[in-house]
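Visitor: Fold the stuff below for me.
(chains A and B, ligands or ions: 2)
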Amino acid sequence: MGVYWHLAVKSFQKHLAYRAANLAGIATNAFFGAVYVIVYTALFSGRSEVGGLTLEDTITYAILAQSLLMVMSAFGNRELSEAIVKGAIAVDLARPVDFYLYWASIDLGRAAYYLVFRGLPTFAIGALLFGVELPPSVGAFALFLGALALGVVVSFAFRFITNSLAFWTTDARGLLYLTNTVIMFFSGFIVPLNFFPPQLQSIANALPFRALAQLPINVYLGKAALPEVLPAVANLLVWLVALVVIGRVVLTRMVRRVTLAGG
Amino acid sequence: MIEVRELRKEFRIYRHHRGGLGALRNLVTREYRSVLAVDGITFDIKAGELVGYLGPNGAGKSTTLKMLTGILVPTSGHLVVNGRVPHEQRKQHAREIGAVFGQRTTLWWDLPVVESLDLLRAIYRVPADRYRANLALFGDLLGLGEFLDTPVRSLSLGQRMRADLAAALLHDPALLFLDEPTIGLDVVAKERIRGFIKTVNRERGTTVILTTHDLGDVEKLCERVIMIDRGKIMFDGALETLRRRFGQGRVLVVDFEQLPDGFDFPGAELMRAEGNRAWLRVAGEGTALAPLVADLFRQHRVLDLSVQEPEIEAVVRRIYEGHLLEA
Ligand SMILES: Nc1ncnc2c1ncn2[C@@H]1O[C@H](COP(=O)(O)OP(=O)(O)OP(=O)(O)O)[C@@H](O)[C@H]1O
Ligand SMILES: [Mg+2]
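Guide: Ligands and ions are numbered 1, 2, ... in the order given. Below you'll find the model as predicted:
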């Protein structure tokens, strides 16, 4: 286990090197947060609630969503697909590690970095500019952290599969654009799923992507307390197991192909 | 230590159709042509040997090394390294070998060298004292100290190669595979790396196989050479044998007071002359030089004389060009 912990820590440290890029990223996330806040404020104009969210809830939602974008790797993570495309995976094969856990650890380190150095500052800026709500209780906050962790893992498990497709087709980029759009939409990053019409909401609820934004943010806002959250978590855990199993099958095939056909 | 019998590796290169319809065709049809990268090679390498694995571009050197390290599965043949079939127990095998592929780094691009090494320590579960001892030793021999804190991406090629070498040996592997470890390095860096490889081989008994296009590496390091071309072994034996068998003999460079016209010397053939200097090829391995030189002195006024051994460079060039092997 020590190895994987090490990998996560090193991955975290690795991102520390890109300070300027991160500052620009914070500015971008904060900017889009501000745009959302302005638009929502105009849209709410006098209405006290939409889809169970007040304007204050929605502002907090928007700022939190911007803060979590990079944590959840909503735009995808090029590291893996690049590693595969460049054939680095062949070199990695010469290492005595479990590659699924290897990449998972690297991704967790990345997520932790973005939580601290992207999410927190973005959230702080949003809070200063527009004011945000705090979780209703310590319990809700703890549950929020748990939901975040689940989201990060689900996100990895899904992206591992889609990124791996770069291995079989040289045109994987188109596919990745497509899946990223689906993820953005059904995670609740673009618009809170609370605002979706019921049919669309039930589709979103059947998919795993709400783990990335909708679920943790609603837990944060106290819109989903433990009893309501449990079925969602159960559903997501089933998804997670399925995604991990598929991911491992894909990896096995990938390794088989690298070792048969060369990098 | 390494046992290779009739080892073959065939690559299939699938025909790739472009575009949307092409993608469909790629799924349905499986047209391919085969490349026999390694074509039935057989050799043994004993523990502690330092073997140069030579051959022109595309000969199958890297492919062989990848099979030996377990990252490629052979198409057929028998392969046992260190008591294991490498690809069948890839992870376990990886623990016991070290590998450097000169063209690519195995270090983490964004991490400082020392962090990369630390990560490898965890991956290979290197005991703390071994890690410290190795780091100190490699630091000395390879001069790692000056760039330990530099991210790998900012290293010069020579520094990167030194770091990669250190990384490959951190866990005290019994076997070291080096694929072009001196590629693109300057003379000083090459010397340093050669010295290091030699030390590791001598003092730790690490078995080393190295591919290279730099025959300086071979001359400095390898007693044994395996030469491969188009997937087949062309020569396997001592470097000296290679030199003798394929060299065109030694060359006497003689400065005469006055270049004799009409040159007839049994055992030596005039290659060329320039001013009063003549290059004489001494044919055959058996010819003793002393009587020949004595004759020369007796018959002519010689001012200076030197002997050139056949250069390995020239020897290998001739083999690559296929002059001797076809015969
Ligand atoms: N993954 C692959 N797929 C298809 N063909 C390959 C693959 N890897 C190598 N080959 C082919 O196999 C042959 C041997 O390649 P290899 O890389 O082993 O040569 P090499 O001796 O290492 O050459 P070099 O000195 O240029 O590094 C070449 O013809 C090469 O094109
Ligand atoms: Mg090669």
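Visitor: which residue packs closest to the residue of the stretch 151-263 of chain A found nearest chain B, ignoring adjacent ones?
Guide: At 4.7 Å from chain B, residue A:259 is the closest residue in the stretch 151-263 of chain A, using Cβ to the nearest Cβ. (Glycine included, C-beta is placed from N, CA and C.) Sequence neighbours aside, residue B:73 is the residue nearest to residue A:259 in space, at 4.7 Å (criterion: Cβ to Cβ, 6 or more residues apart in numbering or on different chains).
Visitor: before we move on, what about residue B:308?
Guide: Nearest non-adjacent residue to residue B:308 (Cβ to Cβ, 6+ apart): residue B:251, at 4.3 Å.
Visitor: surely the one you found meets residue B:307?
Guide: Yes. In this structure, residue B:251 is within contact of residue B:307 by Cβ atoms under 8 Å, at 7.3 Å.
Visitor: Pick out whichever of the two has more residues nearby.
Guide: residue B:251 (20 against 11; other Cβ atoms under 10 Å in any protein chain shown).
Visitor: if we can go back for a sec, what number of residues lie near the residue of the stretch 151-263 of chain A closest to chain B?
Guide: By other Cβ under 10 Å, neighbour count at residue A:259 equals 21.
Visitor: so which helix or strand takes in it?
Guide: helix A:226-261 (DSSP states H and E).
Visitor: rewinding a little: name the SS class of the residue nearest to residue B:308, please.
Guide: strand (DSSP: H, G, I helix; E, B strand; the rest coil).
Visitor: and the helix holding residue A:259, how far from the chain's centre?
Guide: 15 Å (Cα atoms, centre = their mean, to the nearest Å).
Visitor: Stretch A:158-171 too?
Guide: With Cα atoms, centre = their mean, you get 18 Å for stretch A:158-171.
Visitor: which residues are contacting that stretch?
Guide: By Cβ atoms under 8 Å, 6 or more residues apart in numbering or on different chains, the residues outside stretch A:158-171 that reach it are A:73, A:76-77, A:80-81, A:84-85, A:100, A:103-104, A:107, A:172-173, A:175-176, A:179, A:183, A:208-209, A:243, A:246-247, A:250-251, A:254, A:257, B:23.
Visitor: Tell me which residue of the stretch 101-250 of chain A lies closest to ligand 1.
Guide: Per Cβ to the nearest ligand atom, the residue of the stretch 101-250 of chain A with the smallest distance to ligand 1 is residue A:167, at 13.3 Å.
Visitor: Check the stretch 151-263 of chain A too.
Guide: For the stretch 151-263 of chain A, Cβ to the nearest ligand atom, closest residue to ligand 1: residue A:262, 2.3 Å.
Visitor: tell me which parts of chain B are close to chain A?
Guide: Contacts of chain B with chain A, taken as Cβ under 8 Å from any Cβ of the partner chain, map to B:11-12, B:23, B:63, B:66, B:69-73, B:87, B:90-92, B:94-95, B:99, B:101, B:104-106, B:108, B:110-111, B:115, B:118-119, B:122-125, B:151.
Visitor: Next step: the residues you listed restricted to helices.
Guide: B:23, B:63, B:66, B:69, B:90-92, B:94-95, B:115, B:118-119, B:122-123 (DSSP state H).
Visitor: What segments of the stretch 151-300 of chain B are helices?
Guide: B:157-169, B:187-204, B:215-221, B:239-246, B:289-299 (DSSP state H, counting those that start in this stretch).
Visitor: can you tell me which of those helices the model trusts least?
Guide: Looking at these, the lowest mean pLDDT belongs to helix B:239-246 (a mean of 79).
Visitor: What lies in contact with it?
Guide: Here helix B:239-246 has contacts from B:52, B:218-219, B:222-225, B:227, B:235, B:285, B:309-310, B:312, B:315, B:318-319, B:324, using Cβ under 8 Å, 6+ apart.
Visitor: What subset of these is buried?
Guide: Those of the contacts of helix B:239-246 that meet the buried threshold are B:52, B:218, B:222, B:224, B:225, B:227, B:235, B:310, B:312, B:315, B:318, B:319, by 16 or more other Cβ atoms under 10 Å in any protein chain shown.
Visitor: From those, pick the one nearest ligand 1.
Guide: residue B:227 (10.9 Å).
Visitor: doesn't residue B:54 make contact with the closest one?
Guide: Yes. Counting by Cβ under 8 Å, residue B:227 touches residue B:54, with 4.7 Å between them.
Visitor: and the residue nearest the centre of chain B, bridged to which residues?
Guide: Against the mean C-alpha coordinate of chain B, by Cα atoms, centre = their mean, the closest residue is residue B:211 at 2.7 Å. With DSSP bridges as the criterion, residue B:211 is bridged to residue B:53, residue B:179.
Visitor: list the contacts for it?
Guide: B:52, B:53, B:54, B:55, B:61, B:62, B:65, B:178, B:179, B:180.
Visitor: Ramachandran angles for the last one?
Guide: Meaning residue B:180. phi 50, psi 60 (degrees, to the nearest 10).
Visitor: And for residue A:113, nearest residue in space, chain neighbours not counted?
Guide: residue A:15 (4.1 Å).
Visitor: Low-confidence ranges, the chain, go.
Guide: Let's take chain A. Residues of chain A meeting the criterion pLDDT under 70: A:1, A:84-91, A:170, A:263.
Visitor: actually it's chain B I care about, not the one you picked
Guide: Looking at chain B by pLDDT under 70, you get B:19-20, B:22-23, B:25-27, B:29, B:284-287, B:322-327.
Visitor: Quick one: name the residues of it near ligand 1.
Guide: When proximity is defined as Cβ under 6 Å from any ligand atom, chain B approaches ligand 1 at B:11, B:13, B:35, B:37, B:55, B:57, B:58, B:59, B:60, B:61, B:62, B:63.
Visitor: of the residues you listed, closest to chain A?
Guide: Relative to chain A, the closest of the residues of chain B next to ligand 1 is residue B:11; by Cβ to the nearest Cβ it sits at 6.2 Å.
Visitor: Hmm, the closest one is touching residue B:35, no?
Guide: Yes. In this structure, residue B:11 is within contact of residue B:35 by Cβ under 8 Å, at 4.5 Å.
Visitor: between the two, who's got more neighbours?
Guide: residue B:11 (17 against 14).
Visitor: Next, the contact list for the more buried one, please.
Guide: Residue B:11 neighbours (Cβ under 8 Å, 6+ apart): A:261, A:262, B:34, B:35, B:37.
Visitor: Buried subset of those as a PyMOL selection?
Guide: When burial is assessed using 16+ other Cβ under 10 Å, the buried subset of those is captured in PyMOL by this command:
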select buried, (chain A and resi 262) or (chain B and resi 37)
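Visitor: What is the most widely separated pair among the contacts of residue B:11?
Guide: Across the contacts of residue B:11, no pair lies farther apart than A:262 and B:34, at 12.9 Å, counting by Cβ to Cβ.
Visitor: residues contacting residue 64?
Guide: All of this refers to chain A. Residue A:64 touches A:123, A:132, A:216, A:217, A:220, counting by Cβ under 8 Å, 6+ apart.
Visitor: wait, I meant chain B there
Guide: B:7, B:9, B:38, B:41, B:53, B:228.
Visitor: check contacts around the closest residue to residue B:89 other than its chain neighbours.
Guide: Spatial nearest neighbour of residue B:89, chain neighbours left out: residue B:70 (7.6 Å); criterion: Cβ to Cβ, 6+ apart. Residue B:70 makes contact with A:93, A:94, A:259, B:81, B:86, B:87, B:89, B:90, B:93, B:94 under the criterion Cβ under 8 Å, 6+ apart.
Visitor: got a winner among the residues you listed for most neighbours?
Guide: residue B:86 (26 neighbours).
Visitor: Excluding sequence neighbours, find me the nearest residue to that one.
Guide: Going by Cβ to Cβ, 6+ apart, residue B:86 has residue B:70 as its nearest residue, at 3.2 Å.
Visitor: how far away is that neighbour from residue A:259?
Guide: Distance of residue B:70 to residue A:259, given as Cβ to Cβ, to the nearest Å: 8 Å.
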